[in-house]
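**Student:** Following is a predicted model, sequence given first.
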Amino acid sequence: DGATFYKNMVQSEISELLLRLWMHPSGAFRQSIARMPAQELNTFLKSVAAGICMEFDTVFQIVLDIRDVLENHGVGRSFSRQTMAKLQSSYDRLPLFLGALRRLLLVLVYLSQEERVAAILGGGSGESSAADMGIMIVSLLNKLTTSKGATHPLVDFRAALRRSSSKSNTASGGRATDELLDARLFAMNEFGFDCSSLAHCLLALATRWTVAAKKTGTRQALLDAITSHEDFDASHVGNVYFRLVVATQAAVGANDEGLIAQADGYVDPSIWAERYEAPSDIGLETSARSRRSSSQQDQLSHALSNGIMDRDQIHRFVDELGRVHKNVIAKTLLMRPDEVAGLERRVLENEQNTTLEDDAYCGLLRNWVVSSDTGMTGHFYEPHAKKSLLSQILGKVLLRDARRLWKDLPRPHPNASIYVCYAEERMDICRSMIVGATGTPYAGGLFLFDICYPQLYPNAAPMCHFMTTGGGQVRFSPNLYNDGKVCLSLLGTTSAGDQSQ
């Protein structure tokens, strides 16, 4: 809305002012930052981290809006006036918000030149900004990249260009690497969107802060924040480093298909300049000059990130993340899997007073009450979900629902529990498992439900399919059919009154 847009624009202008003040020949602003009291400095740094996350969320949504229009457009079809207006607005806004995101990251780059500031960003305790930076880094890397280190499908324009532009290489029998390069060229030249340089900058900054904190002997708060984050995956960060930092800076020729694929299409800019040709049939012509001018402002680069920390230093940091994460896992798993199984058996058989053991078991399960996973293999509604993109409005509603579930679902217990798992890439499909309560005919049973939320949710009921049917052989209750139907008026699958719920 207008208020949010205005806030983002003001934030961008403030970032530009900070950069100019930092570069002033007198050095007065730089010295004042370096002497700022730790509490005030941490508050300022936290606001920068929050601003980066806010700008990226806006960028993420604009990219989804562009992909939504293009992927549902079709080659050779003309846009309606309303659709073209929406597309033009997204085209114009994306480079502006990307520019604001880059400026905030540059603020961190310049601030990190000061040893004291870098140490605070990597260490500290209490109200340290290091924890906020750790959350920011994990969140952005997860949204930008896949577990294999490639560009995340939600911010990848390949499918959009393939389905909407007559220039698509693969549509005419071209190489897959041509499609890959065209998508990267499109994102960079039209909007200034380069996942590889963003990922490189984040890893370089994290390395710089960690090294500075070690020199001062302070607690490694940044390492702790990153490795204890529930979405952190050490192998993911390693893959990002090798693919988007190392491979992207190798000498790659236009015909080196293997190396181009390894670098996920992020090759030497000179190759981009030689081969890029803007698609002419997806509405890019309007305001092209001003848009491309905005896309080139305050650009991040691999050279800039190499200046923060070289690749060997980043490599050591990535290795250290892996070692620290193993220790975190070891501390989290207070009991071995065989001990957990034995505890479950004793609790269910009620061999003894197991109150304390109940608490231990519940503690181990607590983080799984509401969770997410990278895929939903075999989900009943997966074909339905593939027919449309998750809208911004529905995404916000489901995120709010997930937070409420985390607070409202009962504490897990081996006698009865409820768990919900969302698909990371599509929150509109999820799975729920109900553990049958002790003292009922369902005791000890694990009952699985596949759920899909329609675009009109919550004004329209979710769809729900019962999966625990023994291949269609078992009907567990009058409301749970052996074909998977869940008979419930809340779902609109029966007209029974409220008294039957």
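**Tutor:** All right, it came through fine.
**Student:** Which of the residues in whichever strand or helix holds residue 104 are classified as buried?
**Tutor:** Using DSSP states H and E, residue 104 sits within helix 81-111. Within helix 81-111, the residues that count as buried by 16 or more other Cβ atoms under 10 Å are 86-88, 90-111. (C-beta placed from N, C-alpha, C; glycine too.)
**Student:** same check, this time on stretch 300-320
**Tutor:** Residues 300, 302, 304-306, 308-309, 311, 313-315, 317-318, 320 are the ones in stretch 300-320 that count as buried (16+ other Cβ under 10 Å).
**Student:** which two from those end up farthest apart in space?
**Tutor:** Greatest spatial distance in the buried residues of stretch 300-320: 300 and 320, 23.9 Å, computed using Cβ to Cβ.
**Student:** circling back to that earlier point, roughly how far is the helix holding residue 104 from the heart of the chain?
**Tutor:** 18 Å (Cα atoms, centre = their mean, to the nearest Å).
**Student:** Local confidence estimate at the residue nearest the centre of the chain?
**Tutor:** For the chain, the residue nearest the mean C-alpha position is residue 143 (2.6 Å; Cα atoms, centre = their mean). At residue 143, the model reports a pLDDT of 91.
**Student:** same check, this time on residue 196
**Tutor:** The model reports residue 196 with a pLDDT of 94.
**Student:** Which helix or strand contains it?
**Tutor:** Judged by DSSP H and E, residue 196 forms part of helix 195-216.
**Student:** could I get whichever helix or strand comes after that helix in CSV with only the CA atoms?
**Tutor:** Downstream of helix 195-216, the first helix or strand assigned by DSSP H and E is helix 221-227. What follows is helix 221-227, C-alpha atoms only, in CSV (Å, rounded to 0.1, in the frame of the first residue of the first chain):
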residue,chain,number,x,y,z
ALA,A,221,27.0,-14.8,18.9
LEU,A,222,26.8,-14.7,15.1
LEU,A,223,27.9,-18.3,14.7
ASP,A,224,25.5,-19.4,17.4
ALA,A,225,22.6,-17.5,15.8
ILE,A,226,23.2,-19.0,12.4
THR,A,227,23.8,-22.6,13.4
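**Student:** contacts for helix 221-227?
**Tutor:** By Cβ atoms under 8 Å, 6 or more residues apart in numbering, the surrounding residues in contact with helix 221-227 are 121-125, 128, 130-135, 137-138, 206, 209-210, 213, 232, 234, 320-321, 324-325, 328.
**Student:** List the buried residues in the helix or strand that it is followed by.
**Tutor:** Sequence order places helix 234-240 as the next helix or strand after helix 221-227, per DSSP H and E. By neighbour count with 16+ other Cβ under 10 Å, helix 234-240 contains the buried residues 234, 236, 237, 238, 239, 240.
**Student:** And for stretch 430-439?
**Tutor:** So for stretch 430-439, counting by 16+ other Cβ under 10 Å, buried means 430, 431, 432, 433, 434, 435, 436.
**Student:** ditto for stretch 131-150
**Tutor:** Across stretch 131-150, burial judged by 16+ other Cβ under 10 Å covers 131-146, 149-150.
**Student:** Select from these every entry located in helices.
**Tutor:** Here DSSP state H is the test, and those give 131-144 as lying in helices.
**Student:** Tabulate those residues (JSON lines), appending distance to residue 421.
**Tutor:** Formatted as JSON lines, those follow (distance: Cβ to Cβ, whole Å):
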{"residue": "131", "distance to residue 421": "26"}
{"residue": "132", "distance to residue 421": "27"}
{"residue": "133", "distance to residue 421": "28"}
{"residue": "134", "distance to residue 421": "24"}
{"residue": "135", "distance to residue 421": "21"}
{"residue": "136", "distance to residue 421": "25"}
{"residue": "137", "distance to residue 421": "24"}
{"residue": "138", "distance to residue 421": "19"}
{"residue": "139", "distance to residue 421": "19"}
{"residue": "140", "distance to residue 421": "23"}
{"residue": "141", "distance to residue 421": "22"}
{"residue": "142", "distance to residue 421": "16"}
{"residue": "143", "distance to residue 421": "19"}
{"residue": "144", "distance to residue 421": "23"}
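**Student:** Which of those sits closest to residue 482?
**Tutor:** Of all these, residue 482 sits closest to residue 142, with 39.1 Å by Cβ to Cβ.
**Student:** which stretches of the protein form strands?
**Tutor:** Residue ranges of the strands in the chain, as given by DSSP state E, are 370-373, 417-423, 429-435, 446-452, 463-466.
**Student:** of all those, which has the lowest average per-residue confidence?
**Tutor:** Lowest mean pLDDT within the strands of the chain: strand 370-373, a mean of 81.
**Student:** quick one: contacts of that strand?
**Tutor:** Contacts of strand 370-373 (Cβ under 8 Å, 6+ apart): 231, 402, 405, 406, 409, 419, 420, 421, 422, 423, 424.
**Student:** then stretch 453-471 to CSV, C-alphas only?
**Tutor:** The C-alpha trace of stretch 453-471 is given here as CSV (Å, rounded to 0.1, in the frame of the first residue of the first chain):
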residue,chain,number,x,y,z
TYR,A,453,-5.9,-24.2,1.0
PRO,A,454,-7.8,-22.5,-1.8
GLN,A,455,-7.0,-19.0,-3.0
LEU,A,456,-10.2,-17.7,-1.3
TYR,A,457,-9.2,-19.1,2.1
PRO,A,458,-10.4,-18.3,4.8
ASN,A,459,-13.6,-17.3,3.0
ALA,A,460,-13.5,-20.8,1.4
ALA,A,461,-13.0,-24.0,3.4
PRO,A,462,-9.7,-25.9,2.9
MET,A,463,-9.6,-29.2,1.1
CYS,A,464,-8.7,-32.3,3.2
HIS,A,465,-7.9,-35.8,2.2
PHE,A,466,-7.5,-38.7,4.6
MET,A,467,-4.4,-40.7,3.7
THR,A,468,-4.4,-43.5,6.3
THR,A,469,-6.8,-45.9,4.6
GLY,A,470,-4.6,-49.0,4.0
GLY,A,471,-4.7,-48.3,0.2
